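In: Sequence and predicted structure, then a few things I'm wondering about:
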Amino acid sequence: MAEAAPEAATTTEATPASGTTAGDAAQRIEPPKLHPLLRFILIRIGISLLLIWGVTIVTFLLTNLVPTDPVAAILGDRAAADPEIVAQTRERLGLDQPLIVQYFTYLSNLLHGDLGVSNQTRTPVLDSIGQVFPASIELGIGAILISVILGLLLGLLSALKQNTIVDHAIRTLSLIGISAPTFWIATVAYFVFFFKLRVVPGAGRLDPWITPPPKVTGLYTLDSLLAGQMATFTNAFGHLILPSCVLALFTIGLLTRFSRSSVLDIIKFDYVTAAKAKGLPTGTVVFKYIFRGALVPIITVVGLAFGSLLSGAVLTETVFAWNGLGQYAYRGATTLDLPVIMGVGLVIGIVYIIVNFIVDLIYGFVDPRVRVR
Amino acid sequence: MRRLTRSFVAICSTLALTAGLAACSGGSDEAGGSGDTIVAETAFSLATIDPHRQFEFTGSTIDNALYQTALEFKDGDLTKPTDGLCSFEMSDDDKTMTLKLKQKDAKFSNGDPVTVDDIVFSFERLQGLKGNPSFFLDGVKVKKIDDETIELKSEKPNPALPYILPNSSIGIVNSKVVKENKGTTDEKDGAEQFLNENSQGSGPYKIDTYDPDSQVVLTANEHYNGPAPKYKRVVLRNVSAETQLTDIQSGQAQVAYDLNSDQANSIDDSMAQKTSLPSTRSLYIFNNMDSKVSDITTNEDFRKAVASAIDYDKILELSGEGAQRMAGLVPNEFNGAVPKDQAPERDLEKTKKLLKKSGYDGEKIPFHYSSDQSVNGVDLAQLAETLQAQFKEAGINLALKPAPSATQLDGFRSGKQPMGIGTWGADFPDPSNYNVFVPGGSVAERVNWDKDADPAITKLADKAEKADEDSRGDAYATMYKSLSDTGVWIPLVQPVDTIVVGNSVKKFVSNADTSFDFAKAE
């Protein structure tokens, strides 16, 4: 068909016209196909952007549904009794505008990288989050590393030693890790390891008399290394140990239980039995056959746990005076600081979306079946 | 399988070793800090350290160290305002105050001398910003007379002015530098951010770093005209009370602001010293006077029954050692306080008679309070539960309505809460600061107690306002006693402000004005 011009055929919308012969179709130039992985990534990015937009709507609406006037939280008793000051404050915060106008102003500012200004401290929310988020990342990475290493190993060991005393002991420990109240564990750990045994430094990210390293990433351990300040690095690393361990306890328990059950599922498969029958070394069977097969559901849990650790751990941060996202969010919530609440909500939403995105990508690498699909 | 176990043990050992190494490198040997740094810990209540905007405890603590004020309270005696940067004189009609620049050697942290222009600018900026502390100089006209003299003229007699000027919110700033950084004396002012990062005061310290969420660091002001502080660096950290307890005992911190009486008493004397100051906060029960909000709290017999149903001794016990009874809303140390021996006692027989007279039928009364607030160690949630139990014994049923502070405050201000726990912290140590509780006052309006609701009290309030210096204390005490007798406000307790100081600090000054004076600590 003359109509089936090559130019038209290059567009994805072009479909063979009725009456097209098989020979004509064969001559058509196929549209360039995106690599499946790239296509997958682009689709995921598109979905993520939509999700982020949804997060802005949800955080904005939920925040504004709180049946309290934020102006009440800002003004003292005397100022609150002065209608002129109340009106001026309301106008300054943009609260005199209809809700829909407030939302679009918020969205427009957001697109310009402006998360607003804290009603309480009048500092830009983005700056404050830039200050506290690295602290949470540093703590979250410390906790997730400990959790993954210990949680996976304990789970694997527990499964391989099923119904032995080792299994029972690990399951009991993981149960304690999951059910012990973090605030209590943190307080006791701080008292024992800092105050009594003096094996870890006190609260905070650094000793009070140490000046933080020049900011590059906001992670004190990394920044001090970049600045070549070894004394600051060891101090920051020391401060990281105890809160990371406390924060990791819950995730260790969770991962232990999850990896145990996941490994027990895989262990029953014929291919594992076949590998053992072939006389492969135990390590190969365990890590190449059992562990790899069990990894997909574990990755999901690790991803969610990491997201949760990054989005702040209020209680641990409070006990260890760790000025992270959790503490910042808590202060914003108790003082009804709407821009802070919305900013933190958005950041947490984005963190989860990114973590899930990365988890989806890792699936493809770990499990060939996902790649094929 | 054995190889796997060995690998597991090896990894665990590596982790333990890493932790151990890190611990050794950052552990306790360094605890206690360097000699010229003092570490103080408090749970931050901090929005800004711009003196003319700040109105929170932590902001005030910091500004006390950064800024000098026109007047001061000598040795923390809140009944005697004395000369600060200026000397003062009040006119006989209490309408005009004349300030004379006294400390001519006072210098800001950049070396500029403090001038009358700076003082005038500071007063006018406080007024013009229309922020939380602006009311301090409401109705006061500020005028520079000459290079040494300032006149403050009030519309009405203002005998409280000498008690107001020592407030850290009226700190004197370097007008030249503040103006250069968008500082004005109206709402267009844009110097807050600058002042948060670059203090412009003449106090013993200047700001080094400011992080309202984490910590604030001060360093000595080398141009300060008083004795140079021994501690050249002050680190004020945002730390919870539980962690403060451990830190003060370990030497990690030298000053802890937020320990309650029980926590403070648990510390061994060999580790720290405790100072207890009467708090300037008052805790009270409020009763709404609008029958549309509550039929029963508007009944005077019911309110009096409530007052006699409270076991005040138990409340004192709950508030910790050093807490005091209150017969009125004004703290016992202030001029105009009602003597505490006039405070009511528990009398269940009287309660029952009054309840019968009031017609109370046992209905549950919503009782509002902040569930997340602790006032000088008094946990309001615990206080509310204690009151609920005490009232139940007397036959009064409360339905507890806890809410986060911001929500509770908003609800209280809306005037729709029948009954609950209220708190008031003195803005300045003068009985006139409590006029807001008199019918028609800004707090009275929250319980719908209108101006004309109680002419007898209004008359006593007018009399107190017009009383001369010698008689105003008694006049206010009489008025506040009558106010308590109405049962609209039932004073509960004056808590105690406990500050714990580590034994590494050998000498310090702690008083009701500044709590803890960093500049005088050694």
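Out: Ah, there it is.
In: in the stretch 151-300 of chain B, which spans are strands?
Out: Listed in chain order, the strands of the stretch 151-300 of chain B (DSSP state E, counting those that start in this stretch) span residues B:205-210, B:215-220, B:233-238, B:255-256, B:272-278, B:281-287.
In: I'd like the distance from the second one to the chain centre, please.
Out: Between the centre of strand B:215-220 and the centre of its host chain there is 21 Å, according to Cα atoms, centre = their mean, to the nearest Å.
In: hmm, who's touching it?
Out: Counting contacts by Cβ atoms under 8 Å, 6 or more residues apart in numbering or on different chains, the residues outside strand B:215-220 that touch it are A:204, A:208, A:323, B:46, B:49, B:58, B:62, B:65-66, B:204-210, B:228-229, B:231-238, B:518. All C-beta atoms are positioned from the backbone trio N, CA, C, and that covers glycine.
In: related to what we said a few turns ago, ok, which of the strands of the stretch 151-300 of chain B comes nearest residue A:102?
Out: Among these, strand B:205-210 comes nearest to residue A:102, with 29.7 Å by Cβ to Cβ.
In: For the closest one, name the packing helices and strands.
Out: helix B:57-66, helix B:192-197, strand B:215-220 (3 or more Cβ pairs under 8 Å, 6 or more residues apart in numbering or on different chains; DSSP states H and E).
In: partners of it, with directions?
Out: Paired strands of strand B:205-210, with direction, are strand B:215-220 (antiparallel) (DSSP bridges).
In: can you give me the mean pLDDT across the partner strand?
Out: The predicted model gives strand B:215-220 an average pLDDT of 95.
In: now that strand against strand B:233-238, angle please.
Out: For strand B:215-220 against strand B:233-238, the angle by axes from the mean of the first three to the mean of the last three Cα atoms, to 10 degrees is 160 degrees.
In: Can you flag the buried ones in the contacts of strand B:215-220?
Out: Neighbour-count burial (16 or more other Cβ atoms under 10 Å in any protein chain shown) applied to those gives A:204, A:208, A:323, B:46, B:49, B:58, B:62, B:65-66, B:204-208, B:210, B:229, B:231-238, B:518.
In: May I have the secondary structure class of the residue nearest to residue B:303 when sequence neighbours are not counted?
Out: Nearest residue to residue B:303, sequence neighbours excluded (Cβ to Cβ, 6 or more residues apart in numbering or on different chains): residue B:487, at 2.9 Å. Taken by DSSP: H, G, I helix; E, B strand; the rest coil, the conformation at residue B:487 corresponds to coil.
In: With the one 10 residues further on instead?
Out: Assigned with three-state DSSP, residue B:497 falls in the strand class.
In: Now for residue B:103: which residues touch it?
Out: Counting by Cβ under 8 Å, 6+ apart, residue B:103 touches B:68, B:84-86, B:114, B:225.
In: Next: residue A:45.
Out: By Cβ under 8 Å, 6+ apart, the contact list for residue A:45 reads residue A:357.
In: Just the pLDDT for it.
Out: Spelled out, the predicted local distance difference test score at residue A:45 is 84.
In: Report the buried residues of the strand or helix carrying it.
Out: Assigned by DSSP states H and E, residue A:45 belongs to helix A:36-65. Going by neighbour count (16+ other Cβ under 10 Å), the buried part of helix A:36-65 is A:40-41, A:44, A:55-56, A:59-60, A:63.
In: What is the subsequent helix or strand relative to it?
Out: The first helix or strand that comes after helix A:36-65 along the chain, using DSSP H and E, is helix A:70-74.
In: for the most centrally placed residue in chain B, what are its contacts?
Out: The geometric centre of chain B, computed from its C-alpha atoms, lies nearest to residue B:425 (Cα atoms, centre = their mean), at 5.0 Å. The contact partners of residue B:425, taken as Cβ under 8 Å, 6+ apart, are B:280-282.
In: so what's it bridging to?
Out: Per DSSP bridges, residues listed as beta-bridge partners of residue B:425: residue B:281.
In: separation between it and residue B:170?
Out: Separation of residue B:425 from residue B:170 (Cβ to Cβ, to the nearest Å) stands at 17 Å.
In: rewinding a little: distance to chain B added to the buried residues of helix A:36-65, as a markdown table?
Out: Written out in a markdown table, the entries for the buried residues of helix A:36-65 read as follows (distance: Cβ to the nearest Cβ, whole Å):
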| residue | distance to chain B |
| --- | --- |
| A:40 | 34 |
| A:41 | 34 |
| A:44 | 34 |
| A:55 | 23 |
| A:56 | 23 |
| A:59 | 18 |
| A:60 | 18 |
| A:63 | 13 |
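In: Which one of the residues in the stretch 101-250 of chain A is closest to chain B?
Out: Using Cβ to the nearest Cβ, the single residue of the stretch 101-250 of chain A nearest to chain B is residue A:238, 2.4 Å away.
In: What are the neighbouring residues in contact with the residue of the stretch 1-150 of chain A found nearest chain B?
Out: Across the stretch 1-150 of chain A, the shortest distance to chain B (Cβ to the nearest Cβ) belongs to residue A:81, at 3.4 Å. Residues in contact with residue A:81, defined by Cβ under 8 Å, 6+ apart, are B:436, B:442, B:445.
In: can you rerun that using 6 Å?
Out: By Cβ atoms under 6 Å, 6 or more residues apart in numbering or on different chains, residue A:81 lies in contact with residue B:442.
In: coming back round to it: mind checking how far the residue nearest to the centre of chain B is from residue B:124?
Out: Taking Cβ to Cβ as the measure, residue B:425 falls 26 Å from residue B:124.
In: again with residue B:512
Out: 29 Å.
In: Looking at the two, which is more packed in?
Out: Neighbours per residue, other Cβ atoms under 10 Å in any protein chain shown: of residue B:512 and residue B:124, the larger number sits with residue B:512, 21 against 18.
In: name the element the more buried one belongs to?
Out: Following DSSP H and E, one finds residue B:512 outside all helices and strands.
In: what about the closest residue to it other than its chain neighbours, how many residues close to it?
Out: The spatially closest residue to residue B:512, leaving aside those adjacent along the chain, is residue B:76, at 4.9 Å (Cβ to Cβ, 6+ apart). Other residues near residue B:76 number 16, with proximity taken as other Cβ under 10 Å.
In: Residue B:76 touches residue B:513, doesn't it?
Out: Yes: judged on Cβ atoms under 6 Å, residue B:76 makes contact with residue B:513 at a distance of 4.2 Å.
In: if we can go back for a sec, considering the strands of the stretch 151-300 of chain B, which stretch scores lowest in mean pLDDT?
Out: Among these, strand B:272-278 carries the lowest mean pLDDT, at a mean of 89.
In: Please, where are all the helices along the stretch 151-300 of chain B?
Out: When secondary structure is read from DSSP state H, counting those that start in this stretch, the stretch 151-300 of chain B shows helices at B:161-164, B:175-180, B:192-197, B:241-250, B:261-265, B:300-309.
In: could the ones you listed be laid out in TSV, adding mean pLDDT and mean neighbour count?
Out: Below are those laid out as TSV (pLDDT from 0 to 100; neighbours: other Cβ atoms under 10 Å in any protein chain shown):
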stretch	mean pLDDT	mean neighbour count
helix B:161-164	94	23
helix B:175-180	97	18
helix B:192-197	94	20
helix B:241-250	90	23
helix B:261-265	86	18
helix B:300-309	97	23
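In: And those helices: which comes nearest residue B:142?
Out: Go through the helices of the stretch 151-300 of chain B one by one with Cβ to Cβ and the one that ends up closest to residue B:142 is helix B:161-164, at 11.6 Å.
In: And the next helix or strand past the lowest-mean-pLDDT helix or strand in chain B?
Out: Within chain B, no helix or strand scores below helix B:2-26, which has a mean of 49 by mean pLDDT, DSSP states H and E. Read in the C-terminal direction, the helix or strand following helix B:2-26 is strand B:37-42, with elements assigned using DSSP H and E.
In: near chain A at all, that following strand?
Out: Yes: taking Cβ under 6 Å from any Cβ of the partner chain as the criterion, strand B:37-42 and chain A are in contact, through B:37, B:39.
In: before we move on, what SS does the residue positioned nearest the centre of chain A have?
Out: Ranked by distance to the mean C-alpha position of chain A (Cα atoms, centre = their mean), the top residue is residue A:307 at 2.2 Å. On the three-state scheme (three-state DSSP), residue A:307 is labelled helix.
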